[in-house]
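S.K.: okay, here's the prediction I keep looking at, along with the sequence it came from:
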Amino acid sequence: MAKIGKKRAAVNAKVDAEKVYTLDEAMALVKEVNTTKFDASVDLHVRLGIDPRKADQALRGSVSLPHGTGKTKRVAVFCTPDKEDEAREAGADYVGLDDLIAKVQGGWTDVDVVIAMPQVMAKVGRIGRILGPRGLMPNPKTGTVTPNVGAAVEEVKKGKISFRVDKYGIVHTSVGRVSFPPENLVGNANEILSTLQRMKPSSAKGTYMKSITVASTMSPGIKIDTKTIK
């Protein structure tokens, strides 16, 4: 069994594994128990009472975090030539079509978000096997397939994120960085949780939000009492 360092042991002692915390308590605690020297991501893990194998329960969507993500996202836009200036002016980092497709086919995927116009999706589909496994494939449900590329880029740059449920029925998403004030982390988390509540499939039976955990990149998980969520 690997030996736990003194710093990690002290951190673990601050988190009661048997306790469930309020959202406010959890966000204050996750900052306190962060052990990294960099501005780590604070991630929310929500286990839902759904069956992702059923088409109507395979949740995916997007949400605009009121306090941003704390990270500047690199955005690539696949579009027709007449929309290239609009995308660049909105802040897109990479803009093009055939040239960008060739770049991806050559192994390049150094972006965080990919946006595409509906008219070019047939071409973008050729690189789906590269983009898909990396979570980069544009999708209308997340607002990344749209004719309004400029607006889509601006939303991503301001703090819009995409999420999807995994095969275990869990949504994993960032709510900010450990440098954020606790109230900003709470505000971002509430936005995600309320979005998930609105997306509850009518066919889902029993308890919908089964468990909620928050953790920074290197911290222990902190359980949140689902009954305290507004």
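M.R.: All right, it came through fine. Numbering: from 1, shown residues only.
S.K.: for the protein, which helix is longest?
M.R.: Counting residues, the longest helix found in the chain (DSSP state H) is helix 182-198.
S.K.: residues in contact with that helix?
M.R.: By CB atoms under 8 Å, 6 or more residues apart in numbering, the surrounding residues in contact with helix 182-198 are 23-24, 27-28, 30-31, 42, 44, 46, 48, 59, 61, 63-67, 163, 171, 173, 175-176, 180, 208-209, 212, 214, 229-230. C-beta: built from backbone N, CA, C; applies to glycine.
S.K.: also stretch 98-115?
M.R.: 71, 73-78, 87, 92-94, 123-124, 126-127, 130-131, 134, 136-138, 144-146, 149, 152-153, 156, 162.
S.K.: name the residues of that stretch that are buried.
M.R.: Neighbour-count burial for stretch 98-115 flags 100, 101, 103, 104, 111, 112, 113, 114, 115 (criterion: 16 or more other CB atoms under 10 Å).
S.K.: still on that earlier bit, so which of the contacts of stretch 98-115 are in strands?
M.R.: Members of the contacts of stretch 98-115 lying in strands (criterion: DSSP state E): 75, 76, 77, 78, 94, 162.
S.K.: make a markdown table from these and add pLDDT and neighbour count to it.
M.R.: As requested, the ones in strands among the contacts of stretch 98-115 are arranged in a markdown table below (pLDDT from 0 to 100; neighbours: other CB atoms under 10 Å):
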| residue | pLDDT | neighbour count |
| --- | --- | --- |
| 75 | 96 | 24 |
| 76 | 97 | 26 |
| 77 | 98 | 30 |
| 78 | 98 | 27 |
| 94 | 97 | 19 |
| 162 | 87 | 19 |
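S.K.: name the element the most centrally placed residue in the chain belongs to?
M.R.: Taking CA atoms, centre = their mean as the criterion, residue 173 is the residue nearest the geometric centre of the chain, at 3.8 Å. Following DSSP states H and E, one finds residue 173 within strand 170-177.
S.K.: so what angle separates the directions of that strand and helix 182-198?
M.R.: Interaxial angle, strand 170-177 versus helix 182-198 (axes from the mean of the first three to the mean of the last three CA atoms, to 10 degrees): 150 degrees.
S.K.: pull out the buried residues from the contacts of helix 182-198.
M.R.: Buried, going by 16+ other CB under 10 Å: 23, 27-28, 30-31, 42, 44, 46, 48, 59, 61, 63, 65, 67, 163, 171, 173, 175-176, 180, 208-209, 212, 214, 229, out of the contacts of helix 182-198.
S.K.: before we move on, back to that, okay, and which of the contacts of helix 182-198 map to strands?
M.R.: Per DSSP E, the contacts of helix 182-198 map to strands at 42, 44, 46, 48, 61, 63-64, 163, 171, 173, 175-176, 209, 212, 214.
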